[in-house]
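> Predicted model and sequence below, questions to follow.
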Amino acid sequence: MTTAAVSFVGIDVAKAKLDVAFSDRTEVLTIANEASALEGLRRELSERPPELIVLEASGGYETLAASILAEAGLSVAVVNARCVRDFAKATGRLAKTDRLDAKVLAQFAEAVKPAVRPLPDDQLAELTALVNRRRQLLEMITAEKQRLDKARVRRIQKDVAAVIGFLLKRLKAADTDLCLWIEQSPVWRAREALLKSVPGVGDITARALIARLPELGTLDAKQVAALVGIAPLNRDSGTWRGTRHIAGGRADVRCALYMASISAIRCNAIIKTFYQRLRQAGKPAKVAIVACMRKLLTILNAMVKSNTPWHDNQIALPESRIL
């Protein structure tokens, strides 16, 4: 392999292989998506470190490459695939192959320079996997319950009911595993207790935030809202003013915040008052709930940043006002 200087690298990820494009080369390198091949790439890039390496989030297939390269001290950013496709369309690159995608990623890295985010350590990665598995079990239970509602044959009803029973047992085991995993870390125990001190935030929301939003407390209110995908986006052009919408972000964190906000509207005096004020001002219920999600996230972000637990005059905390 050549050791020529490289500024930006784009890696298109598939289950079995990686296509690696360099900003200062025309050829695209194809290697196996396995540790031995990645070690060779790591050695080459470590000799002349690029300014940035960008990979698309690919359902977990990018984890090995991102981990090996980041552990070598290289600057790695894992980005949302939608952002890269929008960039490709905006720059007139409509064709799509693995090699072309790798080149687009290298160009995206050079033009956009997405923020480098530290990868979770092994413990946090395992906690994230446990949280994801619990979510998958819930999705399977929901799907089976829908099938049970539609089943008309007794034999099928019994079979689906048996599957639901099994999945419920696995869900209980997953909850036990999560509890044990949190208990083994004093840092996580303290973080969970801090988050759960907010009325409306329970075990599931706290664990989702710990596992899937490690940036909480390190960003400002607008940045963390955008990261989760609850920052309203403008839809304006000329004299036309469109309705603001939320988009992108981390859907699983957003779902957890939604459920916490629904609970907080009932039992959290600050969020309840905030919701009622928005509704009295004529805001639709869904808009008011999203605003409550953002306010709750802003408060949680400020609490983690200052390591301050909840109290009834929480509105005095920095960053807790969003409107």
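Perfect, thanks for sending it. Numbering: from 1, shown residues only.
> Contact partners for residue 261?
Residues in contact with residue 261 (CB atoms under 8 Å, 6 or more residues apart in numbering) are 200, 271, 289, 292-293, 296. To be clear about C-beta, it is placed using only N, CA and C from the backbone, and glycine gets the same treatment.
> Buried residues, the helix or strand encompassing residue 123. List them.
Using DSSP states H and E, residue 123 sits within helix 122-150. Residues of helix 122-150 classed as buried: 124, 127-128, 130-131, 133-135, 137, 140-141, 144, 148 (neighbour count, 16 or more other CB atoms under 10 Å).
> for stretch 285-295, same thing?
288-295.
> Out of those, flag the one nearest to residue 226.
residue 294 (10.3 Å; CB to CB).
> Could you verify my assumption that the closest one touches residue 226?
No. With contact defined as CB atoms under 8 Å, residue 294 and residue 226 do not form a contacting pair (10.3 Å).
> Count the neighbours of residue 264 for me.
26 (other CB atoms under 10 Å).
> Check it and give its pLDDT.
If you check residue 264, the pLDDT there is 95.
> Quick check: chain neighbours aside, which residue is closest to it?
Ranked by CB to CB, 6 or more residues apart in numbering and with sequence neighbours excluded, the top spatial neighbour of residue 264 is residue 200, at 2.8 Å.
> which residues sit in contact with that neighbour?
260-261, 263-268, 271, 296.
> Repeat that for residue 218.
By CB under 8 Å, 6+ apart, the contact list for residue 218 reads residue 305.
> That one belongs to a strand?
No. Counting by DSSP: H, G, I helix; E, B strand; the rest coil, residue 218 is not part of a strand but coil.
> just the strands in the stretch 1-150 of the chain please.
Counting by DSSP state E, counting those that start in this stretch, one finds strands in the stretch 1-150 of the chain at the ranges 8-13, 17-22, 28-32, 52-56, 76-79.
> Neighbouring strands - and their directions - for the first one?
The reference is to strand 8-13. Strand 8-13 pairs in its sheet with strand 17-22 (antiparallel), strand 52-56 (parallel), by DSSP bridges.
> next one: the shortest one
Its sheet considered, strand 76-79 pairs with strand 52-56 (parallel) by DSSP bridges.
> tell me the mean pLDDT over stretch 198-210?
92.
> again with stretch 216-234
The average pLDDT within stretch 216-234 is 81.
> that older thread, out of the strands of the stretch 1-150 of the chain, name the one with the poorest average pLDDT.
strand 76-79 (a mean of 86).
> got the contact list for that one?
52-57, 62, 66, 69-70, 108-109, 114-117, 119.
> same question, stretch 150-157
Outside of stretch 150-157, the residues within contact range by CB under 8 Å, 6+ apart are 148, 160.
> How far does that stretch stretch from one end to the other?
This stretch, stretch 150-157, spans 9 Å end to end (CA to CA, to the nearest Å).
> Next one: residue 63 relative to residue 125, how far apart?
8 Å (CB to CB, to the nearest Å).
> so can I have a markdown table of the strands of the stretch 1-150 of the chain showing distance to residue 230 and mean neighbour count?
Shown next, in a markdown table, are the strands of the stretch 1-150 of the chain (distance: least, CB to CB, whole Å; neighbours: other CB atoms under 10 Å):
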| stretch | distance to residue 230 | mean neighbour count |
| --- | --- | --- |
| strand 8-13 | 28 | 27 |
| strand 17-22 | 33 | 22 |
| strand 28-32 | 37 | 17 |
| strand 52-56 | 23 | 26 |
| strand 76-79 | 19 | 22 |
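> Cool, thanks, talk later.
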